[in-house]
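In: Okay, sequence plus prediction incoming.
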Amino acid sequence: MSSIRDLKPGLKSQAESTASSPFAVAAGDSVADYDLVVIGSGQCGNPLATAFFAAGRRVAVVENYAVGGTCVNFGCTPTKTLVASAEVAHLARRASEFGVHVGEVAVDMHAVIERKRGIVSASRKSSEKRYDKGIDLLRGTGSFIAPRRVRVQLNEGGYRDLTAQTIVIDTGLSAALPNVPGLHSVSFLDNVSIMELNRLPEHLLILGGGYIGLEFAQMFRRFGSRVTLIHHGPQLLSREDADIAHEVAQLLREDGIEILFNASTTSVSSAGAGIRLTVSTQRADRTIEGTDLLVATGRKPNTHALNFAAAGIAVDARGYIAVNEKLETSAPGVYAAGDVKGGPAFTHISYDDFRILKTNLLDGGYRVTTGRPVPYCVFIDPQLARIGLSEKDAQKAGRKYKLCQIKMSSVARAFETGQTRGFMKALVDPVTEEILGAAILGADGGEVMALIQVAMMGKLTYRTMRDAIYAHPTFAESLNILFSNFES
């Protein structure tokens, strides 16, 4: 096992002396001592605090906003709630295709947002229940003032100093803003503020063609907005295979979304009550006007207030906390979990970080991040789900593979329910016949992907999946067809 305290190639060390630091603690100050201090109450920090407390340890959690982290408050819960409302609006407009007539479809954005707020509130309250039994919850911002010592600037005023043998940083990510002239002169939206917009934008401009940009683009188009998406690269979802990205773009265009590729936004300005963008493309410069602007160009770690120098914690060039396979930072007793450490920024990965820390710190076991599967799903319609190697990954690694592929229109369940858009493909090892990876761009793609993931975990061959008996008609049954259709 490697230790990040011994192996730190290319890391930016922030372990300077703190003798003259304004955060220094004077001798004799009152300090509360804990077994565990968690900074940030995300999908690792919350259950880890509960596990330590259940084991009889003294635990404190520092949270400067709302319990539950990004997933509950700004990510999975609210966005997928809004996606569900958008899907209902879309299906209602398609009702006549199914022989059902519902009349004109109108979207009440105030009601949509209130529904979202109610679901977020219920989820947040569920997360907060764990603090009723004795875990100390400090509402404020934590900063290191020495190794294993944290000062919490309380939201209500004043501060408290904490020490602990184990400290876990779980502070997550927030929107990273591009350096575009004029951006801060206009009122723009990010992934948080757009979910409080209780009116329908007439024309929504979106900067960024990643997961966040695509989900909001389709969502607001289905609510009734005109949508223009400006993306700097040659394809959406830059990590995906070109055929997947191309199909996603085609689907969004079918929905009426305008997409500009290889487009750089060179300026932003006001245009009456709206917003004007100057966009440079390979063909020509172009001016685009809209009523609202969503900036979805990337994410950055929430680490600016942590004062890593005082604790000797190393970060990488982008400011993410550097960890080894056991989530140890360069500072003894300090761990980082969830999105703030870089790598796959998914809730289920953050929760697996919890399992790693619980196993290693409480259960006396050994568990690492190395080699764990990274499934994920983009909640556009149809869903895009991925597990294992993509073709791009396999080709880069020089890995030989056989490719099988089918269109969703070949799947009985998709045909019957009118959800025939998209396709699915899988990579198979030509020698072992085990499945190397899959991409499912189709209805309930995440659920089908999970079946393939289980097969990969169990090292089942594609023949086993091909010959299995699945209930008819289900989307799972598509695996019979998929693993019978290899490219020659």
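Out: Structure's in. What do you need?
In: Please make it C-alpha for all contacts and neighbour counts, starting now.
Out: Will do.
In: Secondary structure element for A245, which one?
Out: A245 belongs to helix 242-254 when assigned by DSSP states H and E.
In: and the spatially closest residue to T432 that is not a sequence neighbour, what is it in contact with?
Out: Leaving aside its chain neighbours, T432 sits nearest to T461 (7.5 Å; criterion: Cα to Cα, 6 or more residues apart in numbering). Shown in contact with T461 (Cα atoms under 8 Å, 6 or more residues apart in numbering): T432, E433, E434, I435, A455.
In: Measure how buried the last one is and give me the count.
Out: The number of residues packed near A455 is 17, by other Cα atoms under 10 Å.
In: which ones are touching F379?
Out: By Cα under 8 Å, 6+ apart, F379 lies in contact with K80, V83, E215.
In: In PDB, list the C-alpha atoms belonging to the helix holding A245.
Out: The C-alpha coordinates for helix 242-254 follow below in PDB (Å, rounded to 0.1, in the frame of the first residue of the first chain):
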ATOM      1  CA  ALA A 242     -18.200   9.900 -30.300                       C
ATOM      2  CA  ASP A 243     -21.200   7.800 -31.500                       C
ATOM      3  CA  ILE A 244     -22.900   8.200 -28.100                       C
ATOM      4  CA  ALA A 245     -22.300  12.000 -28.000                       C
ATOM      5  CA  HIS A 246     -23.500  12.400 -31.600                       C
ATOM      6  CA  GLU A 247     -26.700  10.500 -30.800                       C
ATOM      7  CA  VAL A 248     -27.300  12.600 -27.700                       C
ATOM      8  CA  ALA A 249     -26.900  15.800 -29.800                       C
ATOM      9  CA  GLN A 250     -29.400  14.400 -32.300                       C
ATOM     10  CA  LEU A 251     -31.900  13.600 -29.700                       C
ATOM     11  CA  LEU A 252     -31.700  17.100 -28.100                       C
ATOM     12  CA  ARG A 253     -32.000  18.700 -31.500                       C
ATOM     13  CA  GLU A 254     -35.100  16.600 -32.100                       C
END
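In: going forward, begin numbering at 472 instead of 1
Out: Sounds good: first residue 472 from here, last item helix 713-725.
In: Which elements pack onto the next helix or strand after that helix?
Out: Sequence-wise, the next helix or strand downstream of helix 713-725 (DSSP H and E) is strand 729-731. Counting contacts by 3 or more Cα pairs under 8 Å, 6 or more residues apart in numbering; DSSP states H and E, strand 729-731 packs against strand 697-701.
In: Quick one: mean pLDDT for the strand it packs on?
Out: Throughout strand 697-701, pLDDT has a mean value of 98.
In: Also stretch 785-798?
Out: For stretch 785-798, mean pLDDT rounds to 96.
In: quick one: L855 from A593, how far?
Out: Going from L855 to A593 by Cα to Cα, to the nearest Å gives 28 Å.
In: more neighbours, those two?
Out: Neighbours per residue, other Cα under 10 Å: of L855 and A593, the larger number sits with L855, 25 against 12.
In: ranges for the strands of the stretch 672-821 of the chain?
Out: Residue ranges of the strands in the stretch 672-821 of the chain, as given by DSSP state E, counting those that start in this stretch, are 674-678, 697-701, 729-731, 735-742, 745-751, 756-761, 763-766, 770-772, 805-807.
In: Would you map the helices across this protein?
Out: Ranges of helices in the chain, per DSSP state H, are 516-525, 540-544, 547-564, 580-599, 682-694, 713-725, 818-832, 862-868, 883-888, 916-928, 933-938, 949-953.
In: Need those in TSV (columns: distance to R620).
Out: TSV is the format used below for the helices of the chain (distance: least, Cα to Cα, whole Å):
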stretch	distance to R620
helix 516-525	18
helix 540-544	23
helix 547-564	32
helix 580-599	25
helix 682-694	36
helix 713-725	46
helix 818-832	19
helix 862-868	42
helix 883-888	56
helix 916-928	41
helix 933-938	52
helix 949-953	53
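In: Tell me which of the ones you listed sits nearest to T749.
Out: helix 682-694 (18.9 Å; Cα to Cα).
In: starting at the chain centroid, how far to the closest one?
Out: 15 Å (Cα atoms, centre = their mean, to the nearest Å).
In: can you redo the helices of the chain as TSV with mean pLDDT?
Out: Shown next, in TSV, are the helices of the chain (pLDDT from 0 to 100):
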stretch	mean pLDDT
helix 516-525	96
helix 540-544	94
helix 547-564	98
helix 580-599	95
helix 682-694	98
helix 713-725	98
helix 818-832	98
helix 862-868	97
helix 883-888	97
helix 916-928	98
helix 933-938	98
helix 949-953	98
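In: Of all those, which one comes closest to P846?
Out: helix 916-928 (7.7 Å).
In: Does anything pack onto the closest one? Which helices or strands?
Out: So helix 916-928, by 3+ Cα pairs under 8 Å, 6+ apart, packs with strand 847-849, strand 854-859, strand 906-913.
In: What is the distance between the helix holding A716 and the centre of its chain?
Out: Computed by Cα atoms, centre = their mean, the chain-centroid distance of helix 713-725 equals 21 Å.
In: Just the residues contacting it, thanks.
Out: So helix 713-725 is contacted by Q689, Q706, L707, L708, S709, I730, R892, G893, L912 (Cα under 8 Å, 6+ apart).
In: repeat for stretch 751-767
Out: With Cα under 8 Å, 6+ apart as the test, stretch 751-767 has contacts from 646-648, 658-662, 665, 672-681, 683-684, 732-737, 742, 744-750.
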